[in-house]
Structure formats: structure tokens, C-alpha cells
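Trainee: coords please:
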Amino acid sequence: MTNRTPIPQSIIDDVNARTDLVELIDHSGVKLVKSGREWMGLCPFHSERTPSFTVRPDKGFCHCFGCGAHETAIGYQMRVYGQTFIEAIKDLAWRAGVDLTDYVGRAEKPTIKPKPKIASRADEKDRETETNKRRLRGQALWKKGVAVEGTAAEEYLANYRGIDRGLFLQSPVHRFVPDYEFWYRAKDAKKSEAIWTGPALLTVMQYIDDRFAACHITCIDLDQEKGRLKLTAPDDGRDLNTKRVMGDPSKAAMRLGKPAFVMVGGEGLETTYSGMMVSGHTGWCSYSLDNLVGACVMDAKGDRHPLDGRRKLPSVVPDMARPGMIWPRECRERIFLGDGDTKDMHMLKAKLERGSRRAHAEGCVGRVAMSAPGTDFNSMIVGGCHGEI
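Mentor: Numbering: from 1, shown residues only. From the prediction side, this is the model:
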């Protein structure tokens, strides 16, 4: 029997860090919806009707507030697929490009694809019911809103973000509420509580067939430099994302302009509006970059990060079965917007390249447009810069 060196903790940490936790969980059959920095869905480890399962890719773990499950990528692989630690780490190491030769032998593609065991999968009707409930809650909030003219929402977009009033005042996709409640559930709490109440800009998200999908919420604080609310978690003091989505945003878009042959698309309405002003093109936007460009093929490997050889870039190979935001059929040229002040430009450009390749695979022209280095598209607008992209 061959004696091998035990796998060091640094290698285990490397496999966990290089694994895209959201993609791993999504691929196993758990439908996730983004909520701030978290992703939420029905727990795969116990049957439930209301989502209590959260994924924190920035911290590398998933946690269920219902049953208490708390796992890294390797732990999730073991529990959902019924694998041993060695089987799980070899599978994930093969996908992540981590060499385990000195420890458990060469990591190879599994000859037999493991089948996930998802507790909530049997409750498909309940899953659909919960999705519809989220959508109805978002629709109720949307119906509560009023026109943005003369409100804090108009001041936020026009005076704080420099958006041309002609683009949004007559647009049917925006509304305003003066008393949106921001709910938060602390780590050890059983229930959520409202930790802030104030003005919010509402933007409707629609499926490609025009149905209501979700309500996108931007919390406003005009005492802040850029007009966005800054809020910290009362239990651990971390910064909270004060943009939220209520509903089912997958494959949906915020239609900031009319469909056209050439369109821009960005992550967030401020970036997309600014890109529209810089380019003169109309545009739609998504609630996240991953939804804008669509998912990648699970087994496709990205290049090594040029600044950190221990990490890999996102794959540029699109999974055509998971398109993310669906563009209008009138659009034959898609321009993906990227902000030049992003912390990791290599990661950003890899994802935008995936979106471009998806466009080409669907018979369209796809290209990437970046704002000036060190700035974003909205700063270009505020600074009075216009031109072609």
C-alpha cells in the first residue's frame, strides 16, 4: 500500500476558494435568488416551504437558518452527493485545477457522475408556490409606488447620478415609495426585523414575455454623497447591500429603453443609464453581472489568474441552457458594459467575454465596452464625458 502525505489545510482551503459556490449549489438543483451579498433558496438538507438557506460566496460558505447546516464547498459536495471527503475533494480539485498528485493521486474527471440528493426537490409544487409568493410580494410593492417626478427618486437619479431626466421621467419602469422597510435577520435571530424605513426607487423587472418578474429596490439617502443608503448590520457591523430584489429575477431584465438593433447592457441601472448616455444607444440591465452574462459550463476551466496563480478566472465558455438575462429579439448587437474601477479587472473581463461569446453563439454580435481606467460609466456622466463606445 502506498503511503501518501496527508492533504494539508492550505490545499483544502485552496480547493474551497477556487470553487464557485453559487454555481456548485445551483448545478445540484437548488434554485438560488440573489439578495444583497447573499443568495437564498430552499435548503437541500431538509424539506421546507420558505427559503432559509443562504449562500455567501464572498465568505466561502452556505448556511441554513432552519436546520443549522453550515458547509464549505467540499462539505456541500459530500453531503449532497453522499461522497467521502476524498471523493469530494478529488471531484472539486479536478474542476478547480488543483494538483492532488502528492496526496491522493491525480485528480481526474469522475467516470460516473454522482446524483444529488436534494431534500426540497420533492416539494416542487411548494417551490413554485414560494416563487409565486415572492413575485406577488414584489408586485404588491410595485403597485404601491407612485410616479418618480418630484420625489427623492428623481433627485437621486438626476442630481446625484447625473442621469438625463428625459430617459427616466416618462419611463414606465420606475416608481417611488417614501416608506420602504429594510428587513434584516441577525445570525442567531429566529425572525427578521425592520432596521430602516425610508425612500426607495422601484424598478420593475420583466420576463421576455412581458410578465412581471420582480421589483428591484434602491434605498435612498440624500445625505450621502451619491444618494445611496449606507447601512451596517446591527449584529456584526458589516456593510449591507442596500439594493434588493423582491420576486424572481432570473432571466428577467430592467427595460431602461426600447428594444433596438444595437443595445447596451450592464449590471445595475446607474451603469446602464450612463452607458446609454455615453453611447447614444438604448439599453436593458440586469440585477447582477452573473445574470447579465449567463452561467458558464460547469466542467469548463478558466485560465489562471495572472496576478494570483492559486486562483482561476471564471470560465468564458457559456452554458447555453442557463442564459441569464434574455435580450429582446430585435437586438442583434449586444454591448456589455464594464466599469474601469472594478477591483479585479481580470475577473470582470472574463465574465464579460463569456457574455460576448454567448451572443455570438446565438447569432448576434457581442462586444465589450469598458469605461476609462480608474473610473466607472456613471463617473464619466457626472464628469460630463460623452462619446461613442
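
Trainee: ranges for the helices of this structure?
Mentor: Under the criterion DSSP state H, helices of the chain are mapped to 9-18, 21-27, 73-81, 85-96, 101-104, 124-144, 152-155, 165-168, 269-279, 289-293, 345-361, 377-382.

Trainee: Can you check which of the ones you listed gets nearest to residue 58?
Mentor: Comparison of those against residue 58 by CB to CB identifies helix 21-27 as nearest, at 9.6 Å. C-beta here means a position set from N, CA and C on the backbone, and glycine is covered the same way.

Trainee: So residue 186 versus residue 235, what's the distance?
Mentor: In this structure, residue 186 lies at 4 Å from residue 235, with CB to CB, to the nearest Å as the measure.

Trainee: Next: residue 210.
Mentor: Per CB to CB, residue 210 is found 41 Å from residue 235.

Trainee: Wait, residue 48 touches residue 42, no?
Mentor: Yes - under the contact definition of CB atoms under 8 Å, residue 48 touches residue 42, with a separation of 5.8 Å.

Trainee: neighbour count winner among the two?
Mentor: In this view residue 48 and residue 42 are compared by other CB atoms under 10 Å, and residue 42 has more residues nearby, 26 against 19.

Trainee: Tell me the confidence at that one?
Mentor: At residue 42 the predicted local distance difference test score is 86.

Trainee: circling back: tell me which of residue 210 and residue 235 has more neighbours.
Mentor: Counted by other CB under 10 Å, residue 210 and residue 235 do not tie: residue 235 has more neighbours, with 12 against 8.

Trainee: Quick check: that one touching residue 193?
Mentor: No - with contact defined as CB under 8 Å, residue 235 does not reach residue 193; the gap is 10.9 Å.

Trainee: Can you find the helix or strand in this protein with the smallest mean pLDDT?
Mentor: Taking all helices and strands of the chain together, the one with the lowest average confidence (mean pLDDT, DSSP states H and E) is helix 101-104, at a mean of 75.

Trainee: how about that one: buried residues?
Mentor: 103, 104 (16 or more other CB atoms under 10 Å).

Trainee: Please apply the same query to stretch 254-265.
Mentor: Taking 16+ other CB under 10 Å as the criterion, stretch 254-265 shows 254, 255, 256, 257, 262, 263, 264, 265 as buried.

Trainee: Same question for stretch 175-182.
Mentor: Neighbour counts over stretch 175-182 (16+ other CB under 10 Å) mark 175, 176, 177, 180, 182 as buried.

Trainee: hang on, the first one packs against residue 145?
Mentor: Yes - counting by CB under 8 Å, a contact exists between residue 175 and residue 145, whose distance comes to 2.8 Å.

Trainee: shared neighbours of the two, anything?
Mentor: Here residue 175 and residue 145 have residue 202 as joint contacts, going by CB atoms under 8 Å, 6 or more residues apart in numbering.

Trainee: what's near enough to touch the residue sitting nearest the centre point of the chain?
Mentor: Centroid-nearest residue in the chain, with CA atoms, centre = their mean: residue 288, separated by 3.9 Å. By CB under 8 Å, 6+ apart, residue 288 lies in contact with 34, 267.

Trainee: do the same with residue 96
Mentor: The contact partners of residue 96, taken as CB under 8 Å, 6+ apart, are 14, 15, 18, 19, 312.

Trainee: do the same with residue 194
Mentor: The contact partners of residue 194, taken as CB under 8 Å, 6+ apart, are 181, 182, 183.

Trainee: least confident pick among the residues you listed?
Mentor: In terms of pLDDT, the least confident member of the contacts of residue 194 is residue 183, at 92.

Trainee: The closest residue to it other than its chain neighbours: what's it in contact with?
Mentor: Among residues not flanking residue 183 along the chain, residue 192 sits closest, at 4.4 Å (CB to CB, 6 or more residues apart in numbering). The neighbours of residue 192, taking CB under 8 Å, 6+ apart as the test, are 183, 184, 185.

Trainee: May I have the phi/psi pair for residue 192?
Mentor: Main-chain torsions, residue 192, degrees, to the nearest 10: phi -80, psi 160.

Trainee: Which pLDDT value belongs to it?
Mentor: 85.

Trainee: same thing with residue 129?
Mentor: In this prediction, residue 129 has a pLDDT value of 69.

Trainee: Next: residue 298.
Mentor: According to the predicted model, the pLDDT of residue 298 comes to 59.

Trainee: quick check: longest strand of the chain.
Mentor: Under DSSP state E, the strand in the chain containing the largest number of residues is strand 193-206.

Trainee: which intervals of this protein have sub-threshold pLDDT?
Mentor: Scanning the chain with the threshold set as pLDDT under 70 gives 1-5, 49, 105-113, 120-129, 298-300, 383-389.

Trainee: count of residues packed around residue 316?
Mentor: Other residues within reach of residue 316, judged by other CB under 10 Å, total 21.

Trainee: what's it in contact with, if anything?
Mentor: For residue 316, the set of contacting residues under the criterion of CB under 8 Å, 6+ apart consists of 296, 300, 302, 350, 353, 354, 357.

Trainee: returning to what we had before: tell me which two in the contacts of residue 96 are the farthest apart.
Mentor: Among the contacts of residue 96, the pair separated by the greatest distance (CB to CB) is 15 and 312, at 11.3 Å.

Trainee: higher neighbour count, these two?
Mentor: It is residue 15, of residue 15 and residue 312, that has more neighbours when counted by other CB under 10 Å, with 26 against 22.

Trainee: Run a quick check on the more buried one versus residue 75, I expect a contact.
Mentor: No - Residue 15 is beyond contact range of residue 75, at 11.4 Å (criterion: CB under 8 Å).

Trainee: Find the residues that touch each one of the two.
Mentor: Residues touching both residue 15 and residue 75 do not exist when contact is defined as CB under 8 Å, 6+ apart.
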